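J.: Structure, please.
(one chain, ligands or ions: 1)
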Amino acid sequence: MLPEAFEKDAHTAMDRLKEMGVDEVLIVHHDDADGLASAAITKTAMEREGYGTKTLCLEKLYPEVVENIHAGEGRVVFYCDIGSPHADKISDFNQGRNLVIILDHHDPAEATDPNVYDLNLEHYGFRGETDFSGATCNYLFARSIGEWNADLSYLALVGSQEIPGGLQSLNLWVLRDAEEHHIVQVKRKSIKIIPLGISVKQLFKKLQILGAVGYYQGGPELGIKAALEGLTPEINRFVEELEERRKSANRKLLERLRREGLNETEHIQWFSAGDAYRGMGAKTIGTFCSYLTYQRVVKQDKYLLGFMPLEPVIPGYGELKGSYLKASVRTPRLLSRLIDEGRRPTALELLQESTRGFGISADGHAYAASVVLPTGKMEEMIERADRFVSDFNP
Ligand SMILES: [Mn+2]
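T.: Numbers count the residues shown, from 1 in each chain. Okay, here's the model as predicted:
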């Protein structure tokens, strides 16, 4: 069963949307497989209602972009697999001017504008870490519009692959829904998407690469298309190319770091990737840092920080006013143990504390986290991080 209160609110939001009298809706979405699957669902559901759609894929929710989106009036804006943690700021920028529907599973902040509908199922008693993905939230919204959207159910299952521990709660309901409508077939734990002839896992893996690595090369749009129509030989080739390019960038950067070593303070070891990942999405730095924690060049008792410059342009949006860096932090094994014992701050605490006042969208958990910061703030951040660990008294 769909949660009744959610279904009721989804209908209210949809009624409001119809009253807006717009021809087109804007779909802002995240860059990973869950975000692409989310966008594919809501795009299709809205087109079936007769609306044109425009998608905007964001790696992080930059305040200047949100401000720009909400400066206008009378628009309809969806936030898919992104937005809930910033529902308060979205409300501040929106000031009642536009209708906003958030379909997300990240920990929500309170929306204070009545025109901002946050339909995150965390508000209905479910957990976004275990029970549902962003794509599941988008699917349940589409499904509450009508049963004709049941053919999109597989996309919710694709997005849900990012949730550890398998399908449960709402995600399990979606699996049953998909089976009942003959959209998927479960065979020896593999879920096959009947209309596309591939498995949920296969599609998930390709979308992860298209969205994150291919971010600046039309990857997100191609990913949405692939999510709806299936993989073509061209798309498969493009995914392989992206993988190759990333591997070669990783290899070169590792060689450089082995040669030059990392920069160090008392508690921090850090490096700047320079233009190693130029033209690739910013997730690449995080993946590389994870890999690096197992290499000998890394000290086991210090936080590992990697920085990379962000491109000045957001595809489909335009130029950013500010100049930004992405920072990723990972904790090597020994340090992770100290964090577990409460003797060191978590990776997320370290980033939040060291970028307080200027960091954008810090997110993550105990051993891995990331944030965006203005380019000129890197040294201040490193200093503050080092001091925070020195002063840390549990
Ligand atoms: Mn997600």
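J.: Could you use CA atoms for every contact and neighbour count after this?
T.: Noted.
J.: who touches the closest residue to residue 16 other than its chain neighbours in this structure?
T.: Spatial nearest neighbour of residue 16, excluding adjacent residues (CA to CA, 6 or more residues apart in numbering): residue 99 at 7.8 Å. Neighbour list for residue 99: 16-17, 20, 74-77, 115-117 [criterion: CA atoms under 8 Å, 6 or more residues apart in numbering].
J.: And the buried ones among those residues, selectable in PyMOL?
T.: Listed next is the PyMOL selection for buried residues among those, using 16 or more other CA atoms under 10 Å:
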select buried, resi 17+75+76+77+115+116+117
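J.: Just to check, residue 239 is in contact with residue 206?
T.: Yes. Using CA atoms under 8 Å, residue 239 is in contact with residue 206, at 6.6 Å.
J.: coming back round to it: let me have the contacts of residue 99 in a markdown table, extended by distance to the ion, secondary structure and pLDDT.
T.: Listed next are these as a markdown table, based on distance: CA to the ion, whole Å; DSSP: H, G, I helix; E, B strand; the rest coil; pLDDT from 0 to 100:
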| residue | distance to the ion | secondary structure | pLDDT |
| --- | --- | --- | --- |
| 16 | 26 | helix | 98 |
| 17 | 24 | helix | 98 |
| 20 | 28 | helix | 97 |
| 74 | 28 | coil | 98 |
| 75 | 25 | coil | 98 |
| 76 | 22 | strand | 98 |
| 77 | 18 | strand | 98 |
| 115 | 23 | coil | 98 |
| 116 | 20 | strand | 98 |
| 117 | 18 | strand | 98 |
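J.: out of the contacts of residue 99, who's nearest residue 251?
T.: Using CA to CA, residue 77 is the member of these that sits closest to residue 251, with 40.6 Å.
J.: Next, residue 114: secondary structure please.
T.: Classification of residue 114 using DSSP: H, G, I helix; E, B strand; the rest coil returns coil.
J.: Check which helix or strand the residue nearest to it when sequence neighbours are not counted maps to.
T.: Leaving out its chain neighbours, the residue that sits closest to residue 114 by CA to CA, 6+ apart is residue 96, at 7.1 Å. For residue 96, there is no host helix or strand (DSSP states H and E).
J.: repeat for residue 135
T.: Here residue 135 is assigned to helix 134-145, by DSSP H and E.
J.: counting contacts, what elements does the helix or strand of the chain with the lowest mean pLDDT pack onto?
T.: Every helix and strand of the chain was ranked by mean pLDDT, DSSP states H and E. The lowest is strand 360-364, at a mean of 89. Packed against strand 360-364 by the contact rule (3 or more CA pairs under 8 Å, 6 or more residues apart in numbering; DSSP states H and E) you find helix 347-354, strand 368-374.
J.: quick one: buried residues of the first one?
T.: When neighbours are counted by 16+ other CA under 10 Å, the buried residues of helix 347-354 are found to be 347-354.
J.: can you list the residues you listed in a markdown table and add distance to residue 29 and pLDDT?
T.: Converted to a markdown table, those look like this (distance: CA to CA, whole Å; pLDDT from 0 to 100):
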| residue | distance to residue 29 | pLDDT |
| --- | --- | --- |
| 347 | 25 | 96 |
| 348 | 23 | 94 |
| 349 | 26 | 96 |
| 350 | 27 | 97 |
| 351 | 24 | 96 |
| 352 | 23 | 95 |
| 353 | 27 | 96 |
| 354 | 27 | 98 |
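J.: Between those residues, which sits nearest the ion?
T.: Ranked by distance to the ion (CA to the ion), the buried residues of helix 347-354 are led by residue 348 at 17.6 Å.
J.: That closest one contacts residue 361, correct?
T.: No. Assessed by CA under 8 Å, residue 348 is found out of contact with residue 361, at 11.0 Å.
J.: can you give me the offset of stretch 234-252 from its chain's centre?
T.: Taking CA atoms, centre = their mean, to the nearest Å, one finds the center of stretch 234-252 at 21 Å from the center of the full chain.
J.: ok, residues contacting that stretch?
T.: By CA under 8 Å, 6+ apart, stretch 234-252 touches 206, 209-210, 213-214, 222, 226, 276-277, 280, 284, 288.
J.: The ion contacts on the stretch 101-250 of the chain?
T.: Within the stretch 101-250 of the chain, the positions lying close to the ion (CA under 5 Å from the ion) are residue 134.
J.: how's the chain carved up into domains?
T.: For the chain, the structural domains run 4-217+221-229, 249-390, going by automatic domain parsing.
J.: Could I get the contacting residues of residue 96?
T.: 113-116.
J.: And for residue 384?
T.: 353-354.
J.: Need the per-residue pLDDT for it.
T.: We have a pLDDT of 98 for residue 384.
J.: so is it in a helix, a strand, or just coil?
T.: Going by three-state DSSP: residue 384 is helix.
J.: Against residue 339, how distant is it?
T.: Relative to residue 339, residue 384 is positioned 18 Å away (CA to CA, to the nearest Å).
J.: per-residue confidence at the residue nearest to residue 114?
T.: 97.
J.: That one and the ion: what is the separation?
T.: With the distance defined as CA to the ion, to the nearest Å, residue 96 ends up 27 Å from the ion.
J.: and stretch 6-16, which residues are buried?
T.: Buried residues in stretch 6-16 (16+ other CA under 10 Å): 6-7, 9-10, 13-14.
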